[in-house]
Every structure is written in structure tokens, then in C-alpha cells.
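J.: Next come a sequence and a model predicted from it.
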Amino acid sequence: MALDRRRCRVGQSLMVVMLLLLVMVSVLALTLDFGFVLLSRRTMQAGVNTASLEGARDIGEEGRENARILMRNVYDDDLDPQQNFTTLGAGPEQSLVQRDTNDRTVLGTGEGAQQLLSDRYQYIYRPAPELNSANDGAGDFVTGEYQSPSEYPSDHQENGSYERNDFILDSTGPAFLSRLRRTPVRTGVANPLDRVAGVSSSGLGSPLLLGHLSFFIHQPAGSYDIRRDGVAIRATAIADPKPIVFIGDGEGETFYSAISFAYWPDLNQWYEIATPAHALGETVQLVDRDPTDPDIDPIDIGEIPGPGYAAVIWEDLGSHYVVGFRLLKSGEDRIPNGSPRLQDAWPTLEALSAESRDSILEKHGEYAAISEIEMSRLPAQVRSMN
């Protein structure tokens, strides 16, 4: 009897091993395919991050055109828009997947694989964004007013109609939103907002390659099917002008640099300072002037040498702190040399007491909200979303 029981169990281990192999192959296939999805997301995000900053700069009032050129260059190794024979792009295209007459994916036979390898640059998604001059909310490039989370709490997401509660459409707004998407194109599944001439563009979903071996169930013709439609990917970035908080070292005559003058908004006066200030939170020494003396005349703006960044100052407990910068231009075309990123000024702020640091940041925000002070601003990345 014992021998018969052993004979009944012969082959059971082999069946378990075969089932485990099938599961492992499926998991490996999905891991590789969704690795392409993650890679595509990262490269698409790099494109929109770059484009949003360039669009917010709006150099020559051509922010949209400059953003489109810069975004396309992200995916072009030789910066020549006429041709690109490399695989540089935002992931593989759906054209890699073979299909039958019913638009269902089939496993290839390997025929023509050598030619496919030679022409692989044709199967890479490279964005071709639309300018969206009408500033449609679902467009590739959108201008408006960004609603800061500290002032307007929101979930910072967009729905299927690309509506957001942290971004108010405004054709003259300072904030710039860039968007890339890879979404289904089939009738009944495609979003009609994704491919509108002059407004929006979209690539096809990221295809499953090895994942066709997995146990996905085919869906009805009019519904989303991951095998036929691929994985939908969207990348969005918003840039908004922020007050400059740090000034770099000037290099010759090509960059704006800090100058030895400061402006005190509360007294509406200009003062000479001992040394130029470069960071939010620095203390400055006024030169031979007592800002509390009513007999001292303010320095006329025309007497201040430029171009360059003049510190905006504020007094606290007898010390004069930098709470921002104003850019004084001379009419020459020079390159800004400042940063709106608070982390660049943080080493200076960190050396202060918590009370002084909080007071400076509070005053910085207060002055930045007063348009008459004209604190210098540069675009900063304020929101990115995959």
C-alpha cells in the first residue's frame, strides 16, 4: 500500500515547478514592461519640467514657442528637428506590437526582426506638443495663476477633463503649465481632449511587449484593454515666478551681480551698504547713514550704479536683514544670475536663530506680495505630477 501511494505522488513536484515557472515568467514580463512605463514617465517628466520653466520665462513674449523647442530638444540628441536616428525618446511606441485582423495582439514569429532592429528609432515616442495659443485648459501649454497650497489648500490633481483646482486659466498669467500624455486612441476609449489640432497632442499608450504572455483577460471591443491600448501615462509640471532669494557671483560683464546698495521699503529710501549682499537672511551694514535720521535725504535711484541686484532690507532688533532683492537694469541685455529656490539661501538662514529666521521669512513674503516694491523674480518649479 505504501508503494502504491508513492506511485500516485510521482510527478506532483514537476507540476508545481511548472506552475511556479509560469508565474515567475509572467511576473518577470510585467516587471520589464512596467519598467519601460516608469522610464517613460521619468523622461516625460524631464521634458515638461524643462518646458514649464522656459515657458514661464517668456523671453521675447515667445514662451510657448520656446517651451516647445526646448521640450523637443530634450528628446533629440543632435538638436536637429529634421531627423533623429537614435532611440532617444520617451519609451517604445505601440507600433512595435503585432496585431491580427481583429486588432488583437499576436506573438511574432521573428520574421523581419533584423530589419526591425535596424529601424528601431522609428518605434520611439518623441513628443510634438501643440502651442495651444487659445489657452485651452486641456492643452499642452497653459498659462494662468498658480494657487499656492499654503494659501489655497487643494489636492493638486487634474481630472479626466484636465480641470485643476490649483490653477486658474489666464492668458496673461505668470504661471506656465506643461503637459505630456500617452493615451489610447481607439474610438470609444480615447479621450476627445487628448488630440485636438493646435491645442493638445498625445502619443499612444506604453505597449506591453513581454507582458503578452501574462494572464490578462481580453476586454470587449469598446472598453479599455491594456493589451490593445497600452498603459496610459501623463506628466504635468507647473512653473511660477518666485522672488529671488540668492545671488550668484558675477562673471565679467555677462551676468547681473549684487551691488553695494539696498532699499528699505518701510522708509522708501535707498542706502549704500558696506559689501554686496548675496542671500536672504544676510545682515548688512549701512555706510555712514542712519536710516532713522529724518534729515538724511534718500539716495536717488538714478545715482545707483547698475545693472545688478540691490538688497531689500528690513530692521529687526537693531540689525538690518536682507529680505529680498530688486533688479536694476541699464538697458543692456545681460543674463540674470539669481535663484528663487529657498534651499540656495538656506545655509545663511540656518545660521540664524529660529525667531530671526521666521521673522525674515514672514517679512520676505509680505514684501513679495506688494507689487510696488518690485522684488525681482525668476521661474521656479512649483508643481510636478506623473
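T.: Received the coordinates, thanks.
J.: what's the helix or strand for Asn66?
T.: Using DSSP states H and E, Asn66 falls within helix 63-74.
J.: Show me what that helix is packed up against.
T.: On a contact count with 3 or more CB pairs under 8 Å, 6 or more residues apart in numbering; DSSP states H and E, helix 63-74 meets helix 12-57, strand 141-146, strand 175-182. The way it works is simple: take the backbone N, C-alpha and C, and place the C-beta from them, glycine included.
J.: repeat that for 6 Å
T.: Where contact means 3 or more CB pairs under 6 Å, 6 or more residues apart in numbering; DSSP states H and E, helix 63-74 is packed against helix 12-57.
J.: Just the mean pLDDT for the helix it packs on, thanks.
T.: Mean pLDDT, helix 12-57: 82.
J.: the inter-axis angle of that helix versus helix 63-74?
T.: 140 degrees (axes from the mean of the first three to the mean of the last three CA atoms, to 10 degrees).
J.: and helix 12-57 with strand 175-182, angle?
T.: 150 degrees.
J.: ok, back up a step: what does the helix holding Asn66 contact?
T.: Gly47, Thr50, Ala51, Glu54, Gly55, Leu79, Pro129, Leu131, Phe141 (CB atoms under 6 Å, 6 or more residues apart in numbering).
J.: Could you rerun that using 7 Å?
T.: By CB atoms under 7 Å, 6 or more residues apart in numbering, the surrounding residues in contact with helix 63-74 are 46-47, 50-51, 54-57, 59, 79, 81, 127, 129, 131, 133, 141, 176, 178.
J.: Look at the residue nearest to Asp140 when sequence neighbours are not counted and say how many residues are nearby.
T.: With sequence-adjacent residues excluded and distances taken as CB to CB, 6 or more residues apart in numbering, Asp140 is closest to Pro129, at 4.0 Å. When neighbours are defined as other CB atoms under 10 Å, Pro129 has 22 of them.
J.: Now Pro129. Its backbone dihedrals?
T.: phi -70, psi 150 (degrees, to the nearest 10).
J.: got the contact list for it?
T.: Taking CB under 7 Å, 6+ apart as the test, what Pro129 contacts is Arg68, Met71, Asp140, Phe141, Ser201.
J.: Equivalent analysis for Asp249, please.
T.: Ser257.
J.: tell me the secondary structure for it?
T.: Using DSSP: H, G, I helix; E, B strand; the rest coil, the structure places Asp249 in coil.
J.: Relative to Pro307, how far out is it?
T.: The gap separating Asp249 from Pro307 is 15 Å, by CB to CB, to the nearest Å.
J.: Show me what the helix or strand hosting Ala310 is packed against.
T.: Using DSSP H and E, Ala310 sits in strand 308-316. Packing partners of strand 308-316 (3 or more CB pairs under 7 Å, 6 or more residues apart in numbering; DSSP states H and E): strand 258-264, strand 319-328, helix 354-368.
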